[in-house]
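Enquirer: Structure here, sequence nowhere to be found:
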């Protein structure tokens, strides 16, 4: 019983529930929202199911939920609503949730899981029968559902172009053509285009179009190939309707190498025409605009993007060199400056290399790009990132909104805009943006991880774990860290240690002090303040030596009650312009200092007051 209580009690608070009392092995819990009550119940049953699968535990719970008026009586609540909830609970299957018709009417269009009517049930000491519904859990068999309508043909995936050139080094050019056609087609507001991250996983695939369409949830697929011989190129393309497995448009282009821009422009127009989507006049102008007249600059840019997409330290440094050479070849090539800014941004944020220097460089390069081309969505997105790092949240929001206006299918703009909205606790808008990013880039591990971060921020740890597992399946090794944290906060310590060990193995080659951090956070989650106090001096030394996130060290000081030290580390984070500091409004370790003048002053300086 004690283990059962330790598992589920944190979920009450994380969903806004108030524990009224225990009755033997049962709980009576009150919520201000019917949806919160249902989501909390689902989270409880998900955890118990996961434990059963992982450990073979046979601990099964039932949950009953009703919506109605109650009377306060001391520390208790009384009335028919309580009685009805208690009578509905035994109707649930072990591991299940039953709700009354009143609850169903409130949540039926707001919950991802289906409901099954159990009809009207007579309940003891209740005058009239009550309509009861069961929540159909993900692991339960379900009744056949009506077949969903196929995705619209205007939702399109552009697959990696095959490289048929005799020189394998031309692979970067085939990938570059793919990227630029994605960019051109994504600039058409009537089309929804899957992002590069998701489609590149199909490079060299043997899967057929129907399989790919189903996995990416698209109605159309564009595929093609590229072959270069001397100064001549051949590009073949075909647009396929997934549902009917029918060609909508096929075209071969035999051109001079210098004509590649015209090929990309024509492909975008032909796709829109085949899908009967109108291209607005300003979109036509954007598609037809040639980014550079220099073939050498364009080739260098494509090679730079090929390297940048690999994201390693050496790859980013080599990519930066390619972008710099591209702008030397053509000083008016705006995308070359965006490339330099993007390299500086990732070296700062992903690898913590020369943070101040790279932020300054990114700012200068993106401003240069926007002077040359004020309507470049990629440049506005990167400028938004830079402004966020400078704690200019209003300016960053303007840039993200402008980028989305210019290129609605640009997943990165939606993803980075989510970070701003979450910092400002604009929860509905934040969820909408990260869900849109996930829709546009469904196979992106980092977007899936950020989607999980949304629920982690809301303290819905079971829901966060679902999305973290998806990110792990998609290839994110770093997600072991937040998974360990989610398990720790749910007091599932065996799972926490497993994920923490996996995280340490992932990170120890780039951060030799990672195991000290793992030990410290293990002590934190297991509420061992004494062990944490002993580890903190070494932790602080490592954090200063390796420029580790200072807000995390601040959290540990606040946790052990050393508020003065906590604020010192928050000030260090502020001086470094750490983006993690922008998340202090939802940081659970700061709940007890929300009225401290130092905290309020920090909010004001961050633009979050």
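Expert: Ah, there it is. What you are looking at is a predicted structure, and each value in this text was computed from that prediction instead of being measured.

Enquirer: and the strand or helix carrying residue 13, what does it pack onto?
Expert: With elements taken from DSSP states H and E, the one containing residue 13 is helix 2-14. In terms of contacts (3 or more C-beta pairs under 8 Å, 6 or more residues apart in numbering; DSSP states H and E), helix 2-14 is packed against strand 18-23, strand 26-30, helix 34-55, helix 461-473. All C-beta spots, glycine's among them, are computed from the backbone N, C-alpha and C.

Enquirer: Parallel or antiparallel, which strands does the first one pair with?
Expert: So that's strand 18-23. strand 26-30 (antiparallel) (DSSP bridges).

Enquirer: Buried residues, the strand it pairs with. List them.
Expert: By 16 or more other C-beta atoms under 10 Å, the buried positions in strand 26-30 come out as 27, 29, 30.

Enquirer: Quick one: residues contacting the second one.
Expert: By that I understand residue 29. 12, 17, 18, 19, 20, 37, 40 (C-beta atoms under 8 Å, 6 or more residues apart in numbering).

Enquirer: what's the spacing between the nearest residue to it once chain neighbours are set aside and residue 599?
Expert: Spatial nearest neighbour of residue 29, chain neighbours left out: residue 17 (4.6 Å); criterion: C-beta to C-beta, 6 or more residues apart in numbering. Between residue 17 and residue 599 the computed distance is 26 Å (C-beta to C-beta, to the nearest Å).

Enquirer: if we can go back for a sec, touching the helix holding residue 13 from outside, list them.
Expert: By C-beta under 8 Å, 6+ apart, the residues outside helix 2-14 that reach it are 17-19, 22, 25, 27, 29, 40, 43-44, 47-48, 51, 59, 61, 458-462, 489-492.

Enquirer: so where do the strands sit in the stretch 201-350 of the chain?
Expert: Along the stretch 201-350 of the chain, counting by DSSP state E, counting those that start in this stretch, strands occupy 220-229, 232-241, 246-256.

Enquirer: hang on, the earlier thing: the contacts of residue 29: which two are farthest apart?
Expert: Within the contacts of residue 29, 20 and 40 form the most distant pair, 14.1 Å apart (C-beta to C-beta).

Enquirer: who has more neighbours, these two?
Expert: The residue with more neighbours, out of residue 20 and residue 40, is residue 40; 26 against 16, by other C-beta atoms under 10 Å.

Enquirer: and the nearest residue to the more buried one once chain neighbours are set aside, how many neighbours does it have?
Expert: Leaving aside its sequence neighbours, residue 40 sits nearest to residue 15 (C-beta to C-beta, 6+ apart; 3.6 Å). When neighbours are counted by other C-beta under 10 Å, residue 15 registers 25.

Enquirer: any idea how far residue 491 is from residue 15?
Expert: Plainly put, residue 15 is 16 Å away from residue 491 if you go by C-beta to C-beta.

Enquirer: got it, and residue 111?
Expert: 26 Å.

Enquirer: And residue 265, by the same measure?
Expert: To residue 491, residue 265 is 58 Å away according to C-beta to C-beta.

Enquirer: my guess is residue 372 contacts residue 330, does it?
Expert: No. With contact defined as C-beta atoms under 8 Å, residue 372 does not reach residue 330; the gap is 10.3 Å.

Enquirer: Give me the neighbour count for residue 94.
Expert: 11.

Enquirer: List of residues touching stretch 374-383?
Expert: Contacts for stretch 374-383 (C-beta under 8 Å, 6+ apart): 183, 187, 286, 334-335, 337-338, 341-342, 345, 362, 366-367, 369-370, 373, 399-400, 402-404, 406-407, 410, 412-413, 416.

Enquirer: Just the buried ones from those residues?
Expert: When the contacts of stretch 374-383 are checked for burial by 16+ other C-beta under 10 Å, the buried set is 183, 187, 286, 334-335, 337-338, 341-342, 345, 362, 366, 369-370, 373, 399-400, 402-404, 406-407, 410, 412-413, 416.

Enquirer: Quick check: buried residues in stretch 435-449?
Expert: 436-449.

Enquirer: Sort out for me which of those are in helices.
Expert: Per DSSP state H, helices hold the following members of the buried residues of stretch 435-449: 436, 437, 438, 439, 440, 445, 446, 447, 448, 449.
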